[in-house]
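Trainee: below are the sequence and a predicted model; questions follow.
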Amino acid sequence: MKNNEPFDPYNAIFFKVHPELIDKDYHWCCLESVEGLQSGTLATFREAYIKLRGKYKGRRGYKGQSFKLFITDAQVYSVRINYQITTGKCVECLGSGKAMGRPLCFQCNGTGVAHPLSEP
């Protein structure tokens, strides 16, 4: 995850599993929900780039080898808790007070301060 990118728990988990790829710009490009004994998400990661011309100029594209990784809901929860503890910011709005196009974040009520998360 680059410094100017917003926090993403899936990317954080991917780089813990594949630390050798930390210098490359890998992002998830496909998420598939998996139910069963351990519910979670099957995430596909590929190297990302920004399209420079054409209809989709400025949007993210993907290239190269893909990696599939099963990420449990518990792993996502622990990464979200860790983010809140280390930064002191709300994990939904990343401290801005606004989330998902709303004027106020539904978790912190617009304060941007970390709040207790409910377990998955």
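Mentor: Received, thanks. This is a predicted model, so every value here is computed, not measured. Numbering: from 1, shown residues only.
Trainee: moving C-terminal of the top strand by length along the chain, what's the next helix or strand?
Mentor: The single longest strand within the chain, with elements called by DSSP state E, is strand 60-72. Going down the chain from strand 60-72, the next helix or strand is helix 73-87, by DSSP states H and E.
Trainee: that next one - contacts with which helices or strands?
Mentor: helix 9-17, strand 40-50 (3 or more CB pairs under 8 Å, 6 or more residues apart in numbering; DSSP states H and E). Bear in mind the C-beta positions are built from the backbone N, C-alpha and C, glycine included.
Trainee: so for the least confident helix or strand in the chain by mean pLDDT, what gets flagged as buried?
Mentor: Ranking every helix and strand in the chain by mean pLDDT, DSSP states H and E puts helix 9-17 at the bottom, with a mean of 82. Neighbour counts using 16 or more other CB atoms under 10 Å place 9, 10, 11, 12, 13, 14 of helix 9-17 among the buried residues.
Trainee: next, format those residues as TSV and append distance to residue 34.
Mentor: Formatted as TSV, the buried residues of helix 9-17 follow (distance: CB to CB, whole Å):
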residue	distance to residue 34
9	16
10	14
11	19
12	19
13	15
14	16
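Trainee: which of those residues lies closest to residue 72?
Mentor: residue 13 (9.3 Å; CB to CB).
Trainee: and that closest one, what does it touch?
Mentor: 69, 71, 75, 76, 79 (CB atoms under 8 Å, 6 or more residues apart in numbering).
Trainee: buried ones in the longest strand of the chain?
Mentor: Neighbour-count burial for strand 60-72 [16+ other CB under 10 Å]: 62, 67, 69, 71.
Trainee: of those residues, which is the nearest to residue 95?
Mentor: Of those, the one sitting nearest to residue 95 (CB to CB) turns out to be residue 71, at 24.0 Å.
Trainee: so that closest one sits right up against residue 45, yeah?
Mentor: No: counting by CB atoms under 8 Å, residue 45 is not a contact partner of residue 71; they are 10.4 Å apart.
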